[in-house]
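*Asks:* the sequence and its predicted three-dimensional model are supplied below.
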Amino acid sequence: MLFHVEMTVSLPHDLSSDVAAELKATERERAQDLQRSGKWRHLWRVAGRYANVSIFDVSGPGELHEILSTLPLFPFMDVKVVPLCRHPSSIREDNI
């Protein structure tokens with residue numbers, strides 16, 4: 001099941017730069033692991049914002065919640081989720 005997810009990150013201004021750097025490094029590693037597993041199919045930076053638009057391919061809302069809520073930056077995220085389904089006019093066979 002595909003989900004469109006928009007994540008906007010707002011780190012507290014008083015968060016130390018060392019802690020922020022460690023959180024970002026851990027987040028990057030986790031995101032890359034999920035991409036290699038096929039669960040996180042697309043990851044796009046939103047230009048001009050500390051935000052991304054992503055496509056997740058998971059078994060359902062429960063798995064998506066488990067993934068998102070265990071991301072290192074999750075406590076600092078505003079997350080918007082939209083479930084997706086195949087459009088009948090799509091000419092691509094690989095976007096199910």
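*Replies:* Nice, I can see it.

*Asks:* any idea which residue sits dead centre in the chain?
*Replies:* Ser54 (5.1 Å; Cα atoms, centre = their mean).

*Asks:* hey, what's that residue bridged with?
*Replies:* Val5, Leu43 (DSSP bridges).

*Asks:* can you pull the contacts of it?
*Replies:* By Cβ atoms under 8 Å, 6 or more residues apart in numbering, Ser54 lies in contact with 4-7, 40-44. Quick note: C-beta positions are derived from backbone N, CA and C, even for glycine.

*Asks:* tell me the contacts of Ala31?
*Replies:* 40, 43, 71.

*Asks:* need the residues you listed in TSV with neighbour count and distance to Arg92, can you?
*Replies:* Listed next are these as TSV, based on neighbours: other Cβ atoms under 10 Å; distance: Cβ to Cβ, whole Å:
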residue	neighbour count	distance to Arg92
Trp40	20	19
Leu43	16	19
Leu71	19	29
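
*Asks:* quick revisit: narrow the contacts of Ser54 to just the buried residues.
*Replies:* Buried residues within the contacts of Ser54, counting neighbours by 16 or more other Cβ atoms under 10 Å: 5-7, 40, 43.

*Asks:* and the helix or strand encompassing Ala25, what's buried?
*Replies:* Using DSSP states H and E, Ala25 falls within helix 17-37. When burial is assessed from 16+ other Cβ under 10 Å, helix 17-37 yields the following buried residues: 23, 27, 30-31, 34.

*Asks:* ok, back up a step: and of the contacts of Ala31, the nearest to Arg49?
*Replies:* Distance to Arg49, by Cβ to Cβ, is smallest for Leu43 among the contacts of Ala31, at 14.3 Å.

*Asks:* contacts only, for the closest one.
*Replies:* Listed by Cβ under 8 Å, 6+ apart, the contact set of Leu43 reads 31, 35, 52, 54.
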